[in-house]
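Engineer: the following block contains a protein sequence and its predicted model.
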Amino acid sequence: MYVASVDELRLKFPGTDTLLFEDVSVSFTKGEKVLLLGPSGCGKSTLLQVLSGIIPHSLDVPMKAKHVRIPDNWGYVFQDPDSQFCMPFVDEEIAFALENIGVPREQMKERIEQLLQAVDLSVPPHTNIHTLSGGMKQRLALASVLALEPDVLFLDEPTAMLDDEGTELIWKTVKRIAHDKTVIIVEHKIEHVLDFVDRIILFNDAGEIVADGETSTIFHMYKSFIASNGIWYPGVWEDYLQQKKKRATNEERQEIIRLHEFRGYRKKDVKIHVPKAQVQKGEWIAITGKNGAGKSTFLHALMKLIPTDGEYEVEGERLAQTKQLARKIAFVFQNPEFQFVTNSVWDELAYSLRLAKRGEQEITEKVEEMLKRFHLEAQRAQHPYQLSMGQKRRLSVAAAIIGGQQLLLLDEPTFGQDAKNTFALLELLESYREQGTTIMMVTHDEQIVNHFATRRWVIENGKLVREETVIMEEGEMRCEIGYSLS
Amino acid sequence: MRLDIRYRETWLHQTNPTFKLLVMLSVFLLVLFVHNPNVLINLSLGLLLLFFFYTGYPMKHLVLFFLPFFVIFVSTASSMTFFGQGTTTWVRWGLVHITKESFFRGMHLGFRALSFALLGLLFSLTTRPVYLFYSLMQQLKVKPKYAYSFLAGVRLIPVMLEEFQTVQNALKVRGADEGGPVKKMKRYAVPLLSQSIRRAQRIAIAMEAKRFSEAKNRTFYYQIGVSRYDVIFLVTMIGLIGLSYYMASVFPYFPLTDVR
C-alpha cells in the first residue's frame, strides 16, 4: 500500500513558459527512505510540496494530477533555518505544533523535553531561538515537526545552509529518530545520506524521472550523471582534483597587508584581536574558526565597518575610511542580494566604474569582459534578483572586483552553493590569484582550505591564534577543467 | 543586534495582559478629559513612580527609555508656553509671548503627553507580546489566525534590524550610500522588503505545514488567567487616580482647576 503518491502530475509556475512537470508519476511505500536527486531548479522541492499537499493547499500553484495521495500524518523540514519558526523561544515553538494537534497543556512540558532529547538539542527549553546556531535551529525544526507525530517525513534540503559539523549532526539525528518512518529527502550534499536511503529517484533538467531504483545500483550506474549535475557526492573532490590544473605558485614576495595589535570593536567590546600578521601579494588566505569566533567581524574590521585601533597598513598606507579602503579592497558579503544596487546585471557591473567616472567606452569594454569571464552574458539584461543562486554569487564577486582592486575579501562565498557552482567560483578566484590578486576568505570547508588556500588563519574567541601554511600536494595533473556553466 | 535586556519580574508583569491593556486604555481616556493641571501632575508623578520602581528594569535602561519622552514633554510644554495665547502677560520677547494662561496650558499639555508616554512604557515594558496574544486569544477570543500572525511578525523585527545593518555596510563598501533621500530609501527598501516578503511567505507555509490552519481543538501552552495581581493592579490604578484628585484639591500647586 502506498503512503504517498502522485499520478500523471502536470504543474506550471505562473509566468513561466514551460511545464515544470509533465505527466510525472511517483509513489512511495510505508517505511521507505527515498532520496530525490537532480540538478538545481529541476523541481524536486516542488514535488515534495505536492506530495505533502502544501501545493495547492498553502501555496497556490496551478497543477493537475490524475490522483494524489497525501499521507495522513506528515512533517516537513524546510531549507532555511531562519524562516520556519513563528515563536521567539524554543519551548514555545515546539508548543505551537503541540497546540495545533490539541495536546493537553499538562503534557506539553514533558513532551517538549522528550523531543529536545530526541534531536539531541541540549539547551534549556526556554532559550531564545535567535541565539542558536544554524545546525541547532534545524534540529529544533526537526523536533517541532516530530511533535506532530508524523508517519512520513519530508526533508527539503535541511542541511543546505549548514556547515559540515551541523550537516553530520542532522543526519545522525534523522537516522536515529526515523527508522520506523517513511522519509522522502531532497538533498544536494549526499555524503551522509547515501547509507540511510534505500531508494534514489533521479531527475534531469526538464523535471523528468531518469532513473528510479535501489541506492547502490543508481549511484553506480549514474555516477557521471550525478557528477555533471553539481551534486555533492562522496568523492566529488577527488574526482575534481584529478582534472584540476596545477597551481602556479607565486614567488614574488611583496607585502600587501600588515597588521600589528589590530583590534576591532562592537559596542566598545574587543571582538577581534590580531597581535601580528602579514599578507603577501598573491596569497589565498582561508580564515577558519567556529561559528561566532569572529571571522566575519575580522573582515568587517579590515573594511573599517566597525571601530578599530592598532596598526593596519594596506600597501604601506594607513587608511581611515571605508571609502578609501574600498578602492583597494573588494568585499563580497555572504548574502549577495544585499549588495545589489541597480536593476540589471549590466548596470550592476558598470556601477563602480561609473562611480569612479571612467569613460563610457572603457566601461563597456570592461563590463563585456567581466560578463564573459563570469559567464553572465545571457543574463546581461536581467534583474539581479532574478538570477539563480550561482549566478547571483558570481555577479556579486564580479561587481565587487571590477574596479581592479588587488585584494578581495569574501565571507563564505560558497555557502549553500552546489558543487558545480562552487568549483566554478573557486576557479574564477584562482585565476585572479594567479594574476596577483590577494584573496582572504572566510570558509568552513576543509577541502577548500586544503586545495585552494595557501595559508590558513585560525580565529578562536575573537583572536587570531594560529597561522598555518597549507602544503600543496605534488603530482596534481595539468589539464583543462570541464565544468561548463549556464 | 539583540533586543533582550535582563529584567526582574514584578507584580506588573504578573497582571493579566488583556486586563492591563483595558485598564490602561481607560486611564488613557480619562487623562484626555482631565482639565485640572494639578490632578495631571499628581497622576504623572504617580505613574513615574511605578515606572522607575515597579517595572523591574535596571535604572540605566529606564532613564534611557524615558529620555526621548522627557524631550517630548519639554518641547510640548515649552512651545505651548512660549507661543500660546493668553491675556495676562508675564514676558514678551520678540515672538515669544508668555502669559499666565499659556504657561498653565503648556504645563498641562506637557504633563498630558508625559502621562500618555508613561502609560505606554509601563505597558510595553511589563508585557511580553507572547503573553499578550495568548491572553487576547483566551480572554477576548481573538482568532489564533491573527494572534499568531502578529507573533510571527514580532519575531521578524530583530532579523530585519540585523539585515538593515548588513545592507548599510554593503552599500558603504560599494560607495552607494550617497545620494538623495528617495534614492537612498529605494536602495534600502528593495532588498529589505524583498527579503522580508519572501521570509514571511516561507514562515506562513511552515506554519501551515505544522497543521496551524487545520487545528480544531487548539490547546494552549500558556494558560493566562486572572489572579490577585489583577486586583492589586486595579486597586493601585484607582488609588492613584483618587489620590491625584484628593491631593489636587487639598494641596494644589496652582490656584486653578480648569485650563480651558
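Structural biologist: Looks like it arrived, so ask away.

Engineer: can you give me the helices for chain B?
Structural biologist: Here chain B has its helices, by DSSP state H, at B:11-14, B:17-32, B:37-54, B:59-83, B:100-125, B:129-139, B:144-173, B:181-209, B:228-250.

Engineer: which secondary structure element of chain B has the lowest mean pLDDT?
Structural biologist: Lowest on mean pLDDT, DSSP states H and E among the helices and strands of chain B sits strand B:89-93, with a mean of 85.

Engineer: how far off helix B:59-83 does that strand point, in degrees?
Structural biologist: Strand B:89-93 and helix B:59-83 meet at an angle of 90 degrees, taking axes from the mean of the first three to the mean of the last three CA atoms, to 10 degrees as the criterion.

Engineer: name the strands paired with strand B:89-93 and say parallel or antiparallel.
Structural biologist: Counting by DSSP bridges, the strands paired with strand B:89-93 are strand B:96-99 (antiparallel).

Engineer: and A:Asp180, how many neighbours?
Structural biologist: 8 (other CB atoms under 10 Å in any protein chain shown). Heads up, the C-betas are built off the backbone N, CA and C, glycines and all.

Engineer: could you find the closest non-adjacent residue to it?
Structural biologist: Leaving aside its sequence neighbours, A:Asp180 sits nearest to A:Gly31 (CB to CB, 6 or more residues apart in numbering or on different chains; 6.9 Å).

Engineer: next: A:Ile70.
Structural biologist: Nearest non-adjacent residue to A:Ile70, counting by CB to CB, 6+ apart: A:Gly53, 4.2 Å away.

Engineer: circling back: could the helices of chain B be laid out in TSV, adding distance to chain A?
Structural biologist: Listed next are the helices of chain B as TSV, based on distance: least, CB to the nearest CB, whole Å:
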stretch	distance to chain A
helix B:11-14	15
helix B:17-32	15
helix B:37-54	24
helix B:59-83	14
helix B:100-125	15
helix B:129-139	6
helix B:144-173	4
helix B:181-209	4
helix B:228-250	21
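
Engineer: the residue nearest to A:Asp180 touches A:Thr182, doesn't it?
Structural biologist: Yes. Judged on CB atoms under 8 Å, A:Gly31 makes contact with A:Thr182 at a distance of 5.8 Å.

Engineer: the two: who's more crowded?
Structural biologist: Between A:Gly31 and A:Thr182, A:Thr182 has the larger neighbour count (other CB under 10 Å), namely 22 against 15.

Engineer: for that one, give me its contacts.
Structural biologist: Contacts for A:Thr182 (CB atoms under 8 Å, 6 or more residues apart in numbering or on different chains) come out as A:Val3, A:Ala4, A:Phe28, A:Thr29, A:Lys30, A:Gly31, A:Glu32, A:Lys33, A:Pro71, A:Asp151, A:Val152, A:Leu153.

Engineer: which residue is the nearest non-sequential neighbour of it?
Structural biologist: Nearest residue to A:Thr182, sequence neighbours excluded (CB to CB, 6+ apart): A:Val152, at 4.4 Å.

Engineer: report the contact partners of the residue lying closest to B:Tyr57 once chain neighbours are set aside.
Structural biologist: Nearest residue to B:Tyr57, sequence neighbours excluded (CB to CB, 6+ apart): B:Tyr7, at 4.7 Å. With contacts defined as CB under 8 Å, 6+ apart, B:Tyr7 is in contact with B:Thr55, B:Gly56, B:Tyr57, B:Pro58, B:Leu125.

Engineer: so what's the last one closest to, chain neighbours aside?
Structural biologist: In space, not counting the residues next to it along the chain, B:Leu125 is nearest to B:Thr55; the distance is 4.7 Å by CB to CB, 6+ apart.

Engineer: surely the one you found meets B:Trp11?
Structural biologist: No. Assessed by CB under 8 Å, B:Thr55 is found out of contact with B:Trp11, at 10.6 Å.

Engineer: out of the two, which sits in the more crowded spot?
Structural biologist: Applying other CB under 10 Å to B:Thr55 and B:Trp11 shows that B:Thr55 carries more neighbours, namely 20 against 16.

Engineer: ok, the closest residue to A:Phe203 other than its chain neighbours to A:Phe21 distance?
Structural biologist: Among residues not flanking A:Phe203 along the chain, A:Gly38 sits closest, at 3.2 Å (CB to CB, 6+ apart). Computed as CB to CB, to the nearest Å, the A:Gly38 to A:Phe21 distance reads 12 Å.

Engineer: OK, contacts around B:Val23?
Structural biologist: B:Val23 sits next to B:Phe233, B:Leu234, B:Met237 when contact means CB under 8 Å, 6+ apart.

Engineer: tell me the pLDDT of the residue of chain A most remote from its centre.
Structural biologist: Using CA atoms, centre = their mean, the residue of chain A lying farthest from its centre is A:Glu106. It sits 40.5 Å away. Note on A:Glu106: pLDDT of 94.

Engineer: helix or strand for it, which one?
Structural biologist: If you go by DSSP states H and E, A:Glu106 is part of helix A:105-118.

Engineer: and what of A:Lys271?
Structural biologist: strand A:269-280.

Engineer: could you export that strand as CSV, CA atoms only?
Structural biologist: Extracted in CSV, the C-alpha atoms of strand A:269-280 (Å, rounded to 0.1, in the frame of the first residue of the first chain):
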residue,chain,number,x,y,z
ASP,A,269,34.0,45.3,23.4
VAL,A,270,37.0,43.9,21.6
LYS,A,271,35.5,41.4,19.2
ILE,A,272,38.6,40.7,17.1
HIS,A,273,42.3,40.9,18.1
VAL,A,274,45.2,40.3,15.7
PRO,A,275,48.5,40.6,17.6
LYS,A,276,50.7,40.5,14.4
ALA,A,277,50.1,39.3,10.9
GLN,A,278,51.2,40.0,7.3
VAL,A,279,49.7,39.1,4.0
GLN,A,280,51.8,38.8,0.8
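
Engineer: packing partners for the following helix or strand past that strand?
Structural biologist: Downstream of strand A:269-280, the next assigned helix or strand under DSSP H and E is strand A:284-288. Strand A:284-288 sits against helix A:295-302, helix A:419-434, strand A:438-442, helix A:446-452, strand A:455-460, with contacts defined as 3 or more CB pairs under 8 Å, 6 or more residues apart in numbering or on different chains; DSSP states H and E.

Engineer: just checking: what are the partner strands of the shortest one?
Structural biologist: The partner list of strand A:438-442 in its sheet, established with DSSP bridges, is strand A:284-288 (parallel), strand A:407-411 (parallel).

Engineer: roughly how far out does that strand sit from the chain middle?
Structural biologist: In terms of CA atoms, centre = their mean, to the nearest Å, the centre of strand A:438-442 is found 18 Å from the chain centre.

Engineer: tell me the mean pLDDT over that strand?
Structural biologist: Strand A:438-442 carries an average pLDDT of 94.

Engineer: angle of that strand against helix A:295-302?
Structural biologist: Angle of strand A:438-442 versus helix A:295-302, following the same axes, to 10 degrees, is 140 degrees.

Engineer: low-confidence regions, the chain specifically.
Structural biologist: Since you didn't name a chain, this refers to chain A. Chain A contains residues with pLDDT under 70 at A:245-252, A:471-486.

Engineer: chain B is the one I meant
Structural biologist: Where chain B drops to pLDDT under 70, the residues are B:1-4.

Engineer: if we go to 50?
Structural biologist: Where chain B drops to pLDDT under 50, the residues are B:1-2.

Engineer: so which residue is smack in the middle of it?
Structural biologist: For chain B, B:Gly120 is the residue whose C-alpha lies nearest the centre (CA atoms, centre = their mean; 2.9 Å).
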